[in-house]
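>>> Please find the sequence and the predicted model below.
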Amino acid sequence: MSDSSTHSASPRAARLGLAVVGVGGAVATTAAAGLELMRLGISGHEGLPLAELGAEHELRPYEDIVIGGWDVCGDDLAVAVDAHGVLGSAELAAAAPGLAALKPWPAIDDQDFHPGVGGTHRRHVGSKRAAVEAIRADLRAFREQAGLDALVMVNLASTERVIDVDSPVLASAASFERGIGSENPEIGPALLYAYAALMEGVPYANFTPSVAAEVPALVEVARREGVPTAGKDGKTGQTMLKTVIAPALRARALRVEGWYSANILGNRDGQALHDPASLASKLATKGSVLDSILGYEVADHLVRIDYYAPRGDAKEAWDSIDLVGFLGQRMQLKVNFLCRDSVLAAPLVLELARLLDFAQRRGESGPLPALGLFFKAPMTGNGPPEHALHRQVEQLASWLGTASGAADAIPAGSAADPIPAGSAADAIPAGGPADAIPAGERRWASRAA
Ligand SMILES: NC(=O)c1ccc[n+]([C@@H]2O[C@H](COP(=O)([O-])OP(=O)(O)OC[C@H]3O[C@@H](n4cnc5c(N)ncnc54)[C@H](O)[C@@H]3O)[C@@H](O)[C@H]2O)c1
């Protein structure tokens, strides 16, 4: 870790370190800028889904999060955030002094895993075992230099190419650890970062579609080392809406004949997805949600993602859905989401950091199904994941409420609760039993949805 790296705020008693893989990327720098603007009192808590659950409910305040991390591009975060073009000029000017103090640590990288990504800010370590040791050393240095009270890792790096998840080297902790020693080619950077985090006792979330903590080997390591994990691939825009609309269509017996999803985006993530092998990783997670919610296979579920430079981070998503209803009559539903990719993603990353930290303080380990709300392909550790968003909200509320009594302490607020207790929504067979939750938690559920 370089001397000038890590934190921008003055040392405080209770600080939560967020070590980010890909800290110079659009999502990471948006999150870092958001923290800086919140600390300065320039931004509030808009768009942060758990903002109403304060420190008294055991989630740390956002302002106590300190960002550090690795990137193959060595620019400081003020330069990086400017390049991504997500922030307005006033926010940029205010956040720049704090962000300029944040310099990425040299990355552990392997070009073979994402050929479309440039950058020379790499650590030349010589072996996979040395790479793991270097990552662990960076985590320890971050903890010490930033005076951290707790530490979590989130992967926000460029999407890696698909690998053979059924490879024997990923089947058990022992074979994985042998594979590191023998330089097994299936073990890429995302797996090395995840393994290093677990071995260092650092909770880990994978916001990318790359293969990492969900493989049996790392699920075993997470449980063995007593470390909570979550992933994978952030559910932010089109897929988030898909998991809202599909349960409604099922509830009304509107049969989905076909669902055509198209996306254009012009940020660096879009550029990385230009590589067919990286795109295959993304399409795998995006395509997985529909059939399990509907309860049947939609043969014509097509997903397209195209890099289109003029849009930058302002991604546009279209969904064209073909439906069959009563008397075999055909209908169409069109959805057009003109969103901001990183603005949707960054707050989820901050919430994940707080939730992973909370889970660790609670003594949880292995995959956390209750955090499935945040992901396209939720990790469960065993059994199929829940995809329907309203049920994922319930699961998270239940987990938080059981843990801390937090949900009952949330002020009654939302006048229109779309999920009233005992409603028809509870009867939607959405692919898995939902936890029963008290009414107090449903109030939060309705707002977060
Ligand atoms: N809404 C969203 O933005 C969204 C939603 C779901 C998932 N994701 C995923 O989150 C990730 C980040 O998205 P983004 O828009 O910030 O992408 P980005 O391309 O702007 O950022 C990725 C960063 O990772 C860095 N990087 C690449 N390899 C690295 C390595 N081995 N070690 C350290 N750093 C490395 C790159 O230099 C880059 O700065 C992507 O994988 C994307 O698919 C994003």
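Nice, thanks for sending it over.
>>> tell me the domain boundaries of the chain?
Using automatic domain parsing, the domains assigned to the chain come out as 16-234+344-361, 238-338, 388-448.
>>> Give me the mean pLDDT for the first one.
For domain 16-234+344-361, the mean per-residue pLDDT is 95.
>>> again, but for the second one
Summarised as a single mean, pLDDT over domain 238-338 is 89.
>>> likewise the last one?
This predicted structure assigns domain 388-448 an average pLDDT of 49.
>>> Can you name the residues of the stretch 201-350 of the chain that neighbour the ligand?
Within the stretch 201-350 of the chain, the residues that sit near the ligand (Cβ under 6 Å from any ligand atom) are 207-209, 233-234, 236, 267-269, 272, 341-342, 344-345. Heads up, the C-betas are built off the backbone N, CA and C, glycines and all.
>>> circling back: now render the domains of the chain as CSV, adding mean neighbour count.
Shown next, in CSV, are the domains of the chain (neighbours: other Cβ atoms under 10 Å):
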stretch, mean neighbour count
domain 16-234+344-361, 21
domain 238-338, 17
domain 388-448, 18
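>>> Gly372 is nearest to which of the ones you listed?
If you check each of the domains of the chain against Gly372 by Cβ to Cβ, domain 388-448 wins as the nearest, at 5.0 Å.
>>> any idea how far Gly231 is from the ligand?
10 Å (Cβ to the nearest ligand atom, to the nearest Å).
>>> and the residue lying closest to that residue once chain neighbours are set aside, what is it in contact with?
Nearest residue to Gly231 in three dimensions, chain neighbours excluded: Asn206, at 3.4 Å (Cβ to Cβ, 6 or more residues apart in numbering). By Cβ atoms under 8 Å, 6 or more residues apart in numbering, the contact set of Asn206 is Val154, Asn155, Ala190, Ala194, Ala212, Ala213, Glu214, Thr229, Ala230, Gly231, Lys232, Asp233.
>>> Of the residues you listed, just say which sits nearest to the ligand.
Nearest to the ligand among those is Asp233, at 5.2 Å by Cβ to the nearest ligand atom.
>>> just checking, the closest one touches Phe375?
Yes: checked against Cβ atoms under 8 Å, the pair Asp233 and Phe375 is within contact range at 5.9 Å.
>>> Mind telling me which residue of the stretch 1-150 of the chain is nearest the ligand?
Here the stretch 1-150 of the chain gets closest to the ligand at one residue, Gly25, 2.1 Å apart by Cβ to the nearest ligand atom.
>>> Tell me which residues touch that residue, please.
Asp71, Ala80, His84, Leu156, Ala157, Ser158, Arg268, Asp269.
>>> now those as JSON lines including secondary structure and distance to Ala51?
JSON lines is the format used below for the contacts of Gly25 (DSSP: H, G, I helix; E, B strand; the rest coil; distance: Cβ to Cβ, whole Å):
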{"residue": "Asp71", "secondary structure": "strand", "distance to Ala51": "28"}
{"residue": "Ala80", "secondary structure": "helix", "distance to Ala51": "26"}
{"residue": "His84", "secondary structure": "helix", "distance to Ala51": "24"}
{"residue": "Leu156", "secondary structure": "coil", "distance to Ala51": "21"}
{"residue": "Ala157", "secondary structure": "coil", "distance to Ala51": "27"}
{"residue": "Ser158", "secondary structure": "coil", "distance to Ala51": "29"}
{"residue": "Arg268", "secondary structure": "helix", "distance to Ala51": "28"}
{"residue": "Asp269", "secondary structure": "helix", "distance to Ala51": "26"}
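>>> Quick one: the helices in the stretch 101-250 of the chain, in order.
Ranges of helices in the stretch 101-250 of the chain, per DSSP state H, counting those that start in this stretch, are 128-145, 173-181, 189-199, 216-225, 238-251.
>>> The third one vs helix 128-145, what angle?
Right, helix 189-199. 50 degrees (axes from the mean of the first three to the mean of the last three Cα atoms, to 10 degrees).
>>> just the fourth one next, same as before
Put simply, helix 216-225 runs at 40 degrees to helix 128-145, going by the same axes, to 10 degrees.
>>> With the shortest one instead?
Relative orientation of helix 173-181 and helix 128-145, computed by the same axes, to 10 degrees: 100 degrees.
>>> Just the C-alphas of helix 173-181, formatted as PDB.
Extracted in PDB, the C-alpha atoms of helix 173-181 (Å, rounded to 0.1, in the frame of the first residue of the first chain):
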ATOM      1  CA  ALA A 173     -11.100 -25.400   0.000                       C
ATOM      2  CA  ALA A 174      -8.300 -28.000  -0.100                       C
ATOM      3  CA  SER A 175      -8.200 -28.200  -3.900                       C
ATOM      4  CA  PHE A 176      -8.400 -24.400  -4.200                       C
ATOM      5  CA  GLU A 177      -5.500 -23.900  -1.800                       C
ATOM      6  CA  ARG A 178      -3.500 -26.600  -3.800                       C
ATOM      7  CA  GLY A 179      -4.500 -24.700  -7.000                       C
ATOM      8  CA  ILE A 180      -3.000 -21.500  -5.700                       C
ATOM      9  CA  GLY A 181       0.300 -23.300  -5.000                       C
END
